[in-house]
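Undergrad: show me the folded form of this:
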Amino acid sequence: MFSHEFKEEDQQFLEREILPFLPDRIIDAHAHLFCHEHYPDGVPRAGLETTPPRLGLAEFAHYSEWLHPGGRVVGGLFFGLVFLGDRQANNEFISAELQGDSPLAAKSRGQMIISPDMDAETILDEVRRLGMTGLKCYHTMAPLNPRLGTPESGAGSYTAGDPTWTAPIEAYLPDEHVAAANTLGLTITLHMVRDRALADPVNQTAIRRYCESYPNMRLILAHAARGFNPWHTIEGIESLRGLDNVWFDTSAVTEAGAFEAIVETMGHEKLMYGTDFHVSHTRGRCVAIGDSFHWLYADEMDVEEKHISLKPVLIGLESLRSIRLACDRLKLSERQVDDIFYGNAAALMEIE
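TA: Numbering: from 1, shown residues only. Below is the predicted model of the structure:
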């Protein structure tokens with residue numbers, strides 16, 4: 001659940017593990033803004049009930065101080081979270097927030113939530129109207145694809161009745177949407193699914209095909225290519241070697257292995273810091289278990305288990321420590337660390 005309190009254990013963790021490593025300038029390349037009213041009947045989907053009713057730029061700036069104090073976050077890449085509610089209202093909200101006159105808005109960019117039933121011309125018109133620089137797709141909208149299950153959809157045997165966690169990328173990010181992004185040089189943030197993420201040949205083939213067919217489109221693979229189990233990214237990253245128009249964000253990943261694999265194979269220039277705000281402000285962490293992963297949330301833990309009391313900290317802090325671990329192991333220079341937290345996103349999004 002969303003934490004409304006910055007606890008003593010968070011402060012101690014921040015001072016001991018994070019601040020000695022943290023750069024002075026940060027762009028958050030993966031953050032969600034939304035309002036409860038954007039959901040049907042004003043009721044957020046499960047897991048969001050405890051979030052503030054409005055999470056705009058001002059709220060983002062406030063809560064960002066818990067992870068990186070001192071005004072370090074100077075920009076971001078923002079998109080909505082209302083995939084099955086009033087997407088239009090959520091997109092309008094992002095646009096309005098980024099058109100404000102704050103310094104944070106000036107160094108920020110927005111992505112528009114798209115559903116697979118939208119036609120390409122509508123996407124292009126709306127991107128221009130809203131001043132967006134990218135697109136955000138999501139697997140829960142896969143059943144909205146009007147061509148789902150047809151040979152030309154690229155969705156293989158997936159049909160609207162299947163769990164969307166099994167959906168191939170084409171089911172919720174159709175070719176015509178990638179072509180539209182290619183036309184305007186837009187970014188696309190992709191949270192791939194399927195059990196083995198980047199280790200799945202179906203995902204590998206789709207990503208490579210899209211990147212090679214649409215070279216002006218810029219693809220961001222969220223969560224270190226869904227590296228919540230780092231072994232999936234470690235196993236699959238070689239399939240993307242040589243692609244110039246693919247990037248990765250660090251959002252909400254709490255194990256270091258996926259970051260290391262990305263930097264070693266693709267170069268540190270392809271990795272961008274992101275929090276997955278609001279998820280960053282939930283207590284717990286994600287751990288690899290076998291060939292999958294599991295989210296451990298503080299409110300579901302027996303904190304008196306075994307020989308010591310558990311004191312979970314914010315997921316955003318856990319992720320930052322994992323980034324530090326990867327950078328230390330790879331012996332990255334201060335400049336390279338600065339690139340991950342600021343320079344790479346600034347270059348991709350053309351932020352001065």
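
Undergrad: report the buried residues of the longest helix that the chain contains.
TA: For the chain, the helix that runs over the most residues, judged by DSSP state H, is helix 315-329. Within helix 315-329, the residues scored as buried using 16 or more other C-beta atoms under 10 Å are 315-327. To be clear about C-beta, it is placed using only N, CA and C from the backbone, and glycine gets the same treatment.

Undergrad: same question, stretch 62-73
TA: Result for stretch 62-73 [16+ other C-beta under 10 Å]: buried residues 63, 64, 66, 67, 68, 72, 73.

Undergrad: circling back: which of the buried residues of helix 315-329 lies closest to residue 102?
TA: residue 316 (21.6 Å; C-beta to C-beta).

Undergrad: now do the strands in the stretch 151-300 of the chain.
TA: Using DSSP state E, counting those that start in this stretch, the strands assigned to the stretch 151-300 of the chain run over residues 187-190, 218-221, 246-249, 271-272, 284-289, 292-297.

Undergrad: what helices or strands is the longest helix of the chain leaning on?
TA: helix 8-13, helix 57-67, helix 257-266, strand 284-289 (3 or more C-beta pairs under 8 Å, 6 or more residues apart in numbering; DSSP states H and E).

Undergrad: how about low-confidence regions in the stretch 1-150 of the chain?
TA: Of all residues in the stretch 1-150 of the chain, none has pLDDT under 70.

Undergrad: try 80 this time
TA: Within the stretch 1-150 of the chain, the ranges that satisfy pLDDT under 80 run 149-150.

Undergrad: just the helices in it please.
TA: 8-13, 57-67, 87-98, 103-106, 120-130 (DSSP state H, counting those that start in this stretch).

Undergrad: what's the spacing between the closest residue to residue 287 other than its chain neighbours and residue 78?
TA: Spatially, and ignoring its direct neighbours in sequence, residue 287 is nearest to residue 294 (5.9 Å; C-beta to C-beta, 6 or more residues apart in numbering). As judged by C-beta to C-beta, to the nearest Å, residue 294 and residue 78 stand 28 Å apart.

Undergrad: now swap in residue 343 and tell me
TA: When residue 343 is compared with residue 78 (using C-beta to C-beta), they lie 19 Å apart.

Undergrad: next: residue 135.
TA: In terms of C-beta to C-beta, residue 135 sits 13 Å off from residue 78.

Undergrad: shared neighbours, these two?
TA: residue 111 (C-beta atoms under 8 Å, 6 or more residues apart in numbering).

Undergrad: higher neighbour count, the two?
TA: residue 78 (30 against 26; other C-beta atoms under 10 Å).

Undergrad: give the contact list for that one.
TA: Applying C-beta under 8 Å, 6+ apart, the residues contacting residue 78 are 31, 32, 33, 57, 60, 94, 97, 98, 108, 109, 110, 111.

Undergrad: now do 6 Å
TA: If you count contacts by C-beta atoms under 6 Å, 6 or more residues apart in numbering, residue 78 has them with 31, 33, 94, 110.

Undergrad: okay, now residue 112: neighbour count?
TA: 26.

Undergrad: and it, how far from residue 278?
TA: Separation of residue 112 from residue 278 (C-beta to C-beta): 19 Å.

Undergrad: name the stretch among the helices and strands packed on helix 315-329 that sits most buried.
TA: helix 257-266 (a mean of 22; mean count of other C-beta atoms under 10 Å).

Undergrad: how near is residue 266 to residue 211?
TA: From residue 266 over to residue 211 (counting by C-beta to C-beta), the distance is 12 Å.

Undergrad: and for residue 240, nearest residue in space, chain neighbours not counted?
TA: residue 246 is the one closest to residue 240 (C-beta to C-beta, 6+ apart), at 5.8 Å.
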